[in-house]
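Novice: dropping a prediction and its sequence here:
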Amino acid sequence: MSRWSAIVGYSLVGAATQLVWLNFAGVTTVAAGHYAVSETAIGWLAQVFPLLYVVLSIPCGLLLDRWFRPALLAGAVLTAIGALVRLGGDHFAWLLAGQLICAVAQPLVLNAVTGITGRYLSPKDRPTGIALGTASIFAGMVLAFLLSAVFSTAGSPHTMLVVTAVFCVAATVFLAAALRHPGPHAPLAAAVPQAVFAALRTSWSDPLIRRLCVLAVFPFGVFVALSTFAQPLLEPAGVSSTTASVILLLNVIAGVIGSALIPIWAARHHTESPYLVTALGATALCCAVLAFLPSTPTALITITLIGLLLLPALPIVLELVERRTSDSEGTAAGLIWLSGNAGGLLAATAVGLLVNHPRYAFLLLALLPVIALPGAHT
């Protein structure tokens, strides 16, 4: 028996975390003027999320393994509280305080994607649940970009924050109602690890989990670096900032579609490893094309293709983790998210150093998936 209401609630909260994270990604200049701070300061409203994720991912995974429902609900409630705190005043300090609260909550939510499917869905439905839960995370990014486009004037940031807060509160209420009772497939209390770090030892001792952690570094790295620096890297080729924003939006939309469909197909046909190899190889080829033939048409095709093929790698990896683990799925998922966020920070930093040399930056991004290919043979 499967309880899909829990997956719907989780998907809404997962989308909410990304909406809060990227609220100002498309209106950085407008927000900087509205709150009388620098664009760098507005950028830190997003940067605190991956920075805190690297620190909190494993502790949050351990909490989820030991007290799953309370920990997940705490993440949802903190997300809603953080969104409401940002409405406390029309000053940057309120924004930063709210973002920090939501950044603490994010690993409690995202690390739970395998745990909630394992507890509330029957085994045959779990690949679908992980695919939909992960796709909703990317859908939250799309929603953030769309809100940025709608509320793009100097006087509209507050309205955007109100809409975001309403969404976060509604998502939290829905999830709380869906999690009133333990899932039909929840482990017995006696099966919960007694030692706090038992789940971490169990997860890290598994060679497949270690290999998937290394693998996760590279797709995350390419996606985060492209999302951060595609516009300045493409500008010398005549791609305008507006066009670059549209291309990145299409990249994430394609990723939502791919993440909702491809992992389910891969699980049913047992083609996870061949798909990962294909996606990494195609990503490397696309980045190489951008290095030598940058233009609006090639950027539109290659970056959209990267979103369609590369972003589904995350739910595929998470489904492999869920299948491999039992009592420690929260910690194992935390290790995957930790590796991915660390990879994103490192890749974005490296590409940032090459931002004035687009060819070399794209060649670096082409190299990263090639390095990951050995880890794709699961």
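Specialist: Happy to help now that I have it.

Novice: what is the helix or strand hosting residue 142 packed up against?
Specialist: Assessed by DSSP states H and E, residue 142 sits inside helix 126-150. Applying 3 or more CB pairs under 8 Å, 6 or more residues apart in numbering; DSSP states H and E, one finds that helix 126-150 contacts helix 4-21, helix 113-120, helix 157-178, helix 241-269, helix 313-324. Backbone N, C-alpha and C define where each C-beta goes, glycine included.

Novice: quick one: closest of those to residue 62.
Specialist: Closest to residue 62 of those is helix 113-120 (CB to CB; 11.9 Å).

Novice: is it correct that residue 153 is in contact with residue 29?
Specialist: No - counting by CB atoms under 8 Å, residue 153 stays clear of residue 29, with 11.6 Å between them.

Novice: residue ranges of the helices in the stretch 201-350 of the chain, please?
Specialist: With helices called from DSSP state H, counting those that start in this stretch, the stretch 201-350 of the chain shows them at 207-234, 241-269, 272-292, 296-310, 313-324, 329-353.

Novice: quick one, the helix holding residue 142 and helix 4-21 angle?
Specialist: Helix 126-150 runs at 40 degrees relative to helix 4-21, counting by axes from the mean of the first three to the mean of the last three CA atoms, to 10 degrees.

Novice: which parts of helix 126-150 are buried?
Specialist: By 16 or more other CB atoms under 10 Å, the buried positions in helix 126-150 come out as 126-145, 147-148.

Novice: one more: stretch 49-61?
Specialist: For stretch 49-61, burial by neighbour count (16+ other CB under 10 Å) applies to 49, 50, 52, 53, 54, 56, 57, 58, 59, 60, 61.

Novice: just stretch 77-92 next, same as before
Specialist: By 16+ other CB under 10 Å, the buried positions in stretch 77-92 come out as 77, 78, 79, 80, 81, 82, 83, 84, 85, 86, 92.

Novice: residues touching residue 143, list them.
Specialist: Listed by CB atoms under 8 Å, 6 or more residues apart in numbering, the contact set of residue 143 reads 15, 18, 19, 167.

Novice: and those, which is closest to residue 72?
Specialist: Distances from residue 72 to the contacts of residue 143, taken by CB to CB, are shortest for residue 15, at 14.8 Å.

Novice: ok, that closest one touching residue 171?
Specialist: Yes - between residue 15 and residue 171 a contact is recorded at 7.2 Å, counting by CB under 8 Å.

Novice: lowest average confidence across helices and strands of the protein, where is it?
Specialist: Lowest by mean pLDDT, DSSP states H and E among the helices and strands of the chain is helix 198-204, with a mean of 69.

Novice: so where's the stretch 151-300 of the chain uncertain?
Specialist: Within the stretch 151-300 of the chain, the ranges that satisfy pLDDT under 70 run 154-155, 187-199, 202.

Novice: go with 80
Specialist: Applying pLDDT under 80 to the stretch 151-300 of the chain flags the ranges 151-156, 183, 185-206, 227-228, 231, 241-242, 245.
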